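**Student:** Dropping the sequence and predicted coords here.
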2 protein chains.
Amino acid sequence: MKSILLIGQSNMAGRGFLEDVTPIYNEHIHMLRNGRWQMMAEPINVDRHISGVGPAASFAQAWTEDHPGESVGVIPCAEGGSSIDEWAIDGLLTRHAISEAKFAMETSEIVGILWHQGESDSYGGRYKTYEDKLLLLFKHLRKELNAPDIPIMIGELGQYLGESGFGKSAVEYKQINQVLSRVAHTEKNCYFVTSKGLTSNPDGIHIDAVSQRKFGLRYYEAFSKQTHVLDRLEIEDEWVGNLTKRELTKNEQIFVQSTKFALGQLSFEDFSINISTINENK
Amino acid sequence: MKSILLIGQSNMAGRGFLEDVTPIYNEHIHMLRNGRWQMMAEPINVDRHISGVGPAASFAQAWTEDHPGESVGVIPCAEGGSSIDEWAIDGLLTRHAISEAKFAMETSEIVGILWHQGESDSYGGRYKTYEDKLLLLFKHLRKELNAPDIPIMIGELGQYLGESGFGKSAVEYKQINQVLSRVAHTEKNCYFVTSKGLTSNPDGIHIDAVSQRKFGLRYYEAFSKQTHVLDRLEIEDEWVGNLTKRELTKNEQIFVQSTKFALGQLSFEDFSINISTINENK
């Protein structure tokens, strides 16, 4: 199985409201839990109890559409509110992410890293030293994961920042975005992913759920084509819309019924009937 | 800070319905996330997207009531559906739990282990080899964590098993409970925690939320008094009831408001007003 490492801060972890989008159920997408793989269900990256939709689910969904019959796993290691200094190579977050990645590597091959971080460094001139710190982190990860050429997709900070809510504090987000773009364009196998047109939750800082679906698709475009994604994708609205139309496999239908039952939304009787019905259909 | 390792299968992870109990918000209780500590909110042990209430929150709540001003952290490593063979000392779950524990030990002292497992071994004569496997695991954990005398609290499997729903498959749960009790009574610093009177979700296998609150309190009784808990606690109903009456500190009130806002249940304006009101109150 192939796998993808997710690192950065809250917008990589995901804070989009779960109820705003069609859930993605896909038996070929897995997430790392306790060092092993479970079928993916959002929230994937539970750094906080308020985690929601990030870019990983739609990234993985797009991956599976491109790789029929194959599976992909995501390794959630993003940490809300973390600054680039907290991603120092000897810091807890970095060491923990590498540890998780190594568990994943026992049963998968890591083929890409998704990075989204910088809101916590968008003030006080921190952008001046950001580039060196980011490059050091990437170099360290590639070495530690024994993957010197692994592609790293670098997401742009939301262009809505600096304006409202918690986003107001990110007064230097444009400078950080310049650094992110420069690193993506100069460092080998790094690709930039634009946030053009993405919108935020009412907090003015977190990418909303629908935008995260699009952002994940852009991350996948950068990964699969090994290219910078500098504009919105023509297909993205239609692609997100089509998620509601996707027919679930038998295993996925059972997963949905099991979820409802496990959450107390179905009686055991109704659950049993539904599972029988699914199993009887071919 | 002191910390507690949580291992076992789903009833240690927690599957009680969140909406069935008063949430526990306590700024002195933390949970491990990405190798670091966050203020606790349930679900603590997100091995699955359907995780809910386990014994850890009420255990920790009871701990803080006994240790005013001090903090405790919980390290969630339980894995739903796992059998004792999956907790072999060279298995992924065990190695991952030790890895998580070691991250926690950089910033805390582990003072106890909560164990609840065995439903997945309650058939096919597995109880015959369970004891040796469990003892091997405990010995290994104590060695690896460099904590030779650390108390291990061993919870009894639900006495409702074998009767309905998924619980029907646990036909040999009584034999497993005998082994769990024997280990607790013979191995040093191990304590047995009865499941007497605890009730289940409609699935017949998972301990319900109110029962988990009581179970956590019993685990704490065993831990704090270094004793076997062989009957329900006289105080447990009243204690669970009193959770609704606990007054939240300023930080806890802010945490609750931030949660609501992060989940889209409050406008930024209302959130800001509520935070101002909290900050103005002394």
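**Tutor:** Alright, I've got the coordinates.
**Student:** Kindly report the residues of chain A close to chain B.
**Tutor:** Proximity of chain A to chain B (CB under 8 Å from any CB of the partner chain) is limited to residues A:15, A:17, A:33-36, A:38, A:41-43, A:46-50, A:52, A:77, A:79, A:92-93, A:95-97, A:99, A:103, A:106, A:164-165, A:201-204, A:258-259, A:261-264, A:267-268. Where you see a C-beta, it was placed from the backbone N, CA and C, and this is true even at glycine.
**Student:** Just give the nearest non-adjacent residue to the residue positioned nearest the centre of chain A, would you?
**Tutor:** Using CA atoms, centre = their mean, the residue of chain A that lies closest to the mean C-alpha position is A:Ala56, 2.9 Å off. In space, A:Ala56 comes closest to A:Val74 once its chain neighbours are excluded; the distance is 4.7 Å by CB to CB, 6 or more residues apart in numbering or on different chains.
**Student:** ok now do that neighbour, which residues does it touch?
**Tutor:** Residues touching A:Val74, when contacts are defined by CB atoms under 8 Å, 6 or more residues apart in numbering or on different chains, comprise A:Ser3, A:Ile4, A:Leu6, A:Ile29, A:His30, A:Met31, A:Leu32, A:Met40, A:Ile44, A:Ala56, A:Phe59, A:Ala60.
**Student:** Distance from the chain centre to whatever helix or strand the third one lives in, please.
**Tutor:** When you say that, I think you mean A:Leu6. Here A:Leu6 sits within strand A:2-8, counting by DSSP states H and E. Strand A:2-8 sits 8 Å away from the centroid of its parent chain (CA atoms, centre = their mean, to the nearest Å).
**Student:** need the next SSE after it, C-terminal direction.
**Tutor:** If you walk from strand A:2-8 toward the C-terminus, the next helix or strand you reach (DSSP H and E) is helix A:10-13.
**Student:** send the alpha carbons of the helix or strand following that next one over as PDB?
**Tutor:** For helix A:10-13, the following helix or strand on the C-terminal side (DSSP H and E) is strand A:29-33. Listed next in PDB are the C-alpha coordinates belonging to strand A:29-33 (Å, rounded to 0.1, in the frame of the first residue of the first chain):
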ATOM      1  CA  ILE A  29      -8.700   4.700   1.900                       C
ATOM      2  CA  HIS A  30      -7.100   4.000   5.300                       C
ATOM      3  CA  MET A  31      -5.900   6.100   8.200                       C
ATOM      4  CA  LEU A  32      -3.200   5.300  10.700                       C
ATOM      5  CA  ARG A  33      -4.500   4.400  14.200                       C
END
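**Student:** So which elements touch the next helix or strand along the chain from strand A:29-33?
**Tutor:** Counting by DSSP H and E, the next helix or strand C-terminal to strand A:29-33 is strand A:36-39. With contacts taken as 3 or more CB pairs under 8 Å, 6 or more residues apart in numbering or on different chains; DSSP states H and E, strand A:36-39 sits against strand A:29-33, helix B:92-105.
**Student:** Which SSE is immediately downstream of the longest one?
**Tutor:** Same thing as helix B:92-105. Moving toward the C-terminus from helix B:92-105, the first helix or strand encountered (DSSP H and E) is strand B:109-116.
**Student:** So what touches the helix or strand following that following strand?
**Tutor:** Note on strand B:109-116: by DSSP H and E, the next helix or strand toward the C-terminus is helix B:127-144. Applying CB under 8 Å, 6+ apart, the external contacts of helix B:127-144 come out as B:5, B:84-85, B:87-89, B:94, B:97-98, B:113, B:118, B:121, B:148-150, B:152, B:172, B:175-176, B:178-180, B:182-183, B:187, B:190.
**Student:** Show the buried residues in those.
**Tutor:** The neighbour-count test (16 or more other CB atoms under 10 Å in any protein chain shown) marks B:5, B:84, B:87-88, B:94, B:97-98, B:113, B:118, B:121, B:150, B:152, B:172, B:175-176, B:179-180, B:183, B:187, B:190 as buried among the contacts of helix B:127-144.
**Student:** Can you narrow these down to the ones near chain A?
**Tutor:** The residues of those that also fall near chain A, by CB under 8 Å from any CB, are B:Ala97.
**Student:** thinking again about what came up before, separation between the residue nearest to A:Ala56 and B:Tyr25?
**Tutor:** Counting by CB to CB, to the nearest Å, the gap between A:Val74 and B:Tyr25 amounts to 30 Å.
**Student:** Walk me through the domains of chain A.
**Tutor:** Structural domains assigned to chain A are A:2-245, A:247-282, following automatic domain parsing.
**Student:** residues touching A:Leu8, list them.
**Tutor:** Small correction: residue A:8 is Gly, not Leu. Under the criterion of CB under 8 Å, 6+ apart, the neighbours of A:Gly8 are A:Ala78, A:Ser82, A:Leu114, A:Trp115, A:His116, A:Gln117, A:Gly155.
**Student:** Give me the three-state assignment for A:Asp231.
**Tutor:** Classification of A:Asp231 into helix, strand or coil gives coil, according to DSSP: H, G, I helix; E, B strand; the rest coil.
**Student:** Could you give the number of residues near A:Arg142?
**Tutor:** 17 (other CB atoms under 10 Å in any protein chain shown).
**Student:** now do A:Ser122
**Tutor:** 24.
**Student:** Setting the sequence-adjacent residues aside, check what's closest to the closest residue to chain B within the stretch 51-200 of chain A.
**Tutor:** Residue nearest to chain B within the stretch 51-200 of chain A (CB to the nearest CB): A:His96, separated by 3.4 Å. Counting by CB to CB, 6+ apart, the nearest residue to A:His96 once its immediate chain neighbours are dropped is B:Gly35, at 3.4 Å.
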